[in-house]
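K.L.:
output the structure for:
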Amino acid sequence: MSLLDSSEVEFEPEREVWNAYEVSDGTILRVRSLLLKLFRSNHAGPVPERRDPYSGRFQTVMNVKRTSAELKGRRAERRLPLRELQNRPVVNEEFTAIDEGWNRYRLETGDLLKVKLVATRIGRIEGSWDEFGDPLYAVSFVNVVQEIKKSQT
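P.N.:
Predicted structure coming up:
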């Protein structure tokens, strides 16, 4: 959906949850997706290229809740730029979702928008640690969006 063919929609967060994932290396990750801006297609009918008429701008927050002593490293003195992290080798890890909940946003129309972050890939960035000495991870994900009309709530 092009921003030229859409309108910004006002919303208020009702609930924003932390997801939890257990990584095969023993680490527990917490990930949260925050909706920053929301747009709705101006097309009268269904949007042909998408099932959902909404498009959003999200920010994802992630932290290590628990990791093993073997994975701890030196504390980073500064955050590395994204382009530098992207050039480092990544160890792809198997993972299990412990909890993947729905964020809920009340729209200006009174309708409800539910958004669920679903992780699709998790990898540990080799030789990289955060300011606490925890390993850094790259998480690929999708945000699943579901609209509930106020007549259904």
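K.L.:
return the helix or strand in this structure with minimum mean pLDDT.
P.N.:
Least confident helix or strand of the chain, by mean pLDDT, DSSP states H and E, is helix 82-86 with a mean of 87.
K.L.:
next, count neighbours for residue 31.
P.N.:
For residue 31, the neighbour count with other C-beta atoms under 10 Å is 20. In this view, the C-beta of every residue, glycine as well, is placed from N, C-alpha and C.
K.L.:
next: residue 70.
P.N.:
8.
K.L.:
residue contacts, it?
P.N.:
The neighbourhood of residue 70, defined by C-beta atoms under 8 Å, 6 or more residues apart in numbering, contains no residues.
K.L.:
quick one: it is in a helix?
P.N.:
Yes - with DSSP: H, G, I helix; E, B strand; the rest coil as the criterion, residue 70 is part of a helix.
K.L.:
leaving out sequence neighbours, find the closest residue to the residue positioned nearest the centre of the chain.
P.N.:
Central residue of the chain (C-alpha atoms, centre = their mean): residue 33, 3.8 Å from the mean position. In this structure, residue 33 finds its nearest non-sequential neighbour in residue 117, 3.9 Å apart by C-beta to C-beta, 6 or more residues apart in numbering.
K.L.:
next, count neighbours for that neighbour.
P.N.:
Neighbour count of residue 117, defined by other C-beta under 10 Å: 22.
K.L.:
can you read off the pLDDT for it?
P.N.:
On pLDDT, residue 117 comes in at 96.
K.L.:
picking up where we left off before, residues contacting the residue nearest to the centre of the chain?
P.N.:
Residues near residue 33 by C-beta under 8 Å, 6+ apart: 58-60, 103, 115, 117, 141, 143.
K.L.:
that one and residue 62, how far apart?
P.N.:
Per C-beta to C-beta, to the nearest Å, residue 33 is found 10 Å from residue 62.
K.L.:
relative to residue 130, how far out is residue 74?
P.N.:
Remark: distance between residue 74 and residue 130 (C-beta to C-beta) = 11 Å.
K.L.:
okay, those two: which has more neighbours?
P.N.:
Neighbours of residue 74 and residue 130, each counted by other C-beta under 10 Å, are more numerous for residue 130; the result is 16 against 8.
K.L.:
quick check: the more buried one touching residue 76?
P.N.:
Yes - between residue 130 and residue 76 there is a contact under C-beta atoms under 8 Å: 5.7 Å.
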